[in-house]
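In: no sequence on hand, only this structure:
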Ligand code: PLP
């Protein structure tokens, strides 16, 4: 079936499925490292690109291809490449699109390792970077240099929940001859489509909403042109951070219910965020769906819903955070997010612990900041769990 013209939910369920001789309703796991050629000529034709077909699983595999085609359609992109992890996707993007002497401007509150990889490792290959609060476009404009080749935006960002105007960021990047890459992990393609807003490349940690069941680590990159897609894929093939077919099967399985999961979790999150905002132990709540969020109007324009990620600061700071996390029972005390289960974490001591405290505070990741990934459990149970744990916090 041609799913290109179909709706989002139809694409989720049907896009990319490989037909086989048995009429399999889903693409099976092609658990094979390599694919035999009929004869030498066919081998030569496949390597030369004269014939479509598989060669070797690091280069391509039908189970992985099914997932890639599905996500490419969800993001309205030209093509997608799946990786072993979200960081595999980030590193492939950096290595494919940057050269020595290039400069990058990025969101200051990006996922910690995305910044660490750039500042600690890409710098060794003479790539320079500047981290600014990209929710204020003036900061982005000021940070652009003649050598800027990439603008890398995470929106909403992890964990500060700051929102960047994708359309405006694309205009600024393109006017300077740079590409715009958007990490769309927090929103998922159900709520935000960066390529439609002018981005050139979009990436995900599929570990999160796309897979949605906390049982797989993975990443994916979607490009808006054939040239960029080929460039990214060529890098991945050499880098070897490819997704495994079993992993791809699991992700495809989880992906089918993305819209249902995201909508249910979002409904819960909207109520939980409002409830937290009134709680006496809480200094402030940062949720894209509350009018108190600094980019509430922008988020309403560029996202079709606020999602299910909430950040909040306890009045009692770090110690209060520790007490809260030691006393929740339903919410899992774990990093990661976007699964069916509610998870709670403390970025300053976990995901962003590797960041200098000064940079962390500048990026809005305060000592007492708590990140909540609201799941699809019963709303009353989520609130009751937080209520009894917050009662111990003073
Ligand atoms: N991007 C964002 C926004 C993330 O939250 C994460 C992980 O938490 C990553 C990238 C990296 O993904 P992975 O852990 O799958 O390597």
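Out: Everything's here; your move. Since this is a predicted model, take the numbers as computed values, not measurements.
In: show me the contacts for residue 246.
Out: The contact partners of residue 246, taken as Cβ atoms under 8 Å, 6 or more residues apart in numbering, are 29, 31, 63. Backbone N, C-alpha and C define where each C-beta goes, glycine included.
In: kindly report the same for residue 151.
Out: Applying Cβ under 8 Å, 6+ apart, the residues near residue 151 are 104-106, 134, 140, 144, 169, 172-173, 178-181.
In: can you do 10 Å?
Out: By Cβ atoms under 10 Å, 6 or more residues apart in numbering, residue 151 lies in contact with 104-107, 134, 140, 143-144, 164, 169-170, 172-174, 176, 178-182, 199-200.
In: going through those, which ones are buried?
Out: 104-107, 134, 140, 143-144, 164, 169-170, 172-173, 176, 178-182, 199-200 (16 or more other Cβ atoms under 10 Å).
In: any idea how far residue 219 is from the nearest residue to residue 112 once chain neighbours are set aside?
Out: Ranked by Cβ to Cβ, 6 or more residues apart in numbering and with sequence neighbours excluded, the top spatial neighbour of residue 112 is residue 352, at 4.4 Å. Residue 352 sits 19 Å away from residue 219, going by Cβ to Cβ, to the nearest Å.
In: these two: who's more crowded?
Out: residue 219 (28 against 24; other Cβ atoms under 10 Å).
In: what does the stretch 201-350 of the chain have sitting close to the ligand?
Out: 205, 207, 217, 219 (Cβ under 6 Å from any ligand atom).
In: and the second one, helix, strand or coil?
Out: When classified by DSSP: H, G, I helix; E, B strand; the rest coil, residue 207 comes out as coil.
In: show me what contacts the nearest residue to it once chain neighbours are set aside?
Out: Nearest residue to residue 207, sequence neighbours excluded (Cβ to Cβ, 6+ apart): residue 217, at 4.7 Å. Contacts for residue 217 (Cβ under 10 Å, 6+ apart) come out as 83-88, 205-208, 211, 243, 247, 251, 336.
In: hmm, back to that, the contacts of residue 151 in helices, which ones?
Out: Judged by DSSP state H, those include 140, 143, 169, 170, 172, 173, 174 as members of helices.
In: can you show me the strands along the stretch 101-250 of the chain?
Out: For the stretch 101-250 of the chain, the strands defined by DSSP state E, counting those that start in this stretch cover 103-107, 128-132, 148-154, 179-183, 201-205, 219-223.
In: the residue of the stretch 1-150 of the chain found nearest the ligand - how many residues pack around it?
Out: Nearest residue of the stretch 1-150 of the chain to the ligand: residue 86, at 2.1 Å (Cβ to the nearest ligand atom). Taking other Cβ under 10 Å as the criterion, the count of residues near residue 86 is 25.
In: please name the bridge partners of whichever residue of the stretch 201-350 of the chain sits closest to the ligand.
Out: Using Cβ to the nearest ligand atom, the single residue of the stretch 201-350 of the chain nearest to the ligand is residue 205, 3.0 Å away. Note on residue 205: beta-bridge partners by DSSP bridges are residue 219.
In: same question for residue 128.
Out: residue 103.
In: neighbours of it, how many?
Out: Residue 128 has 17 neighbouring residues, counting by other Cβ under 10 Å.
In: kind regards, and thank you for your time.
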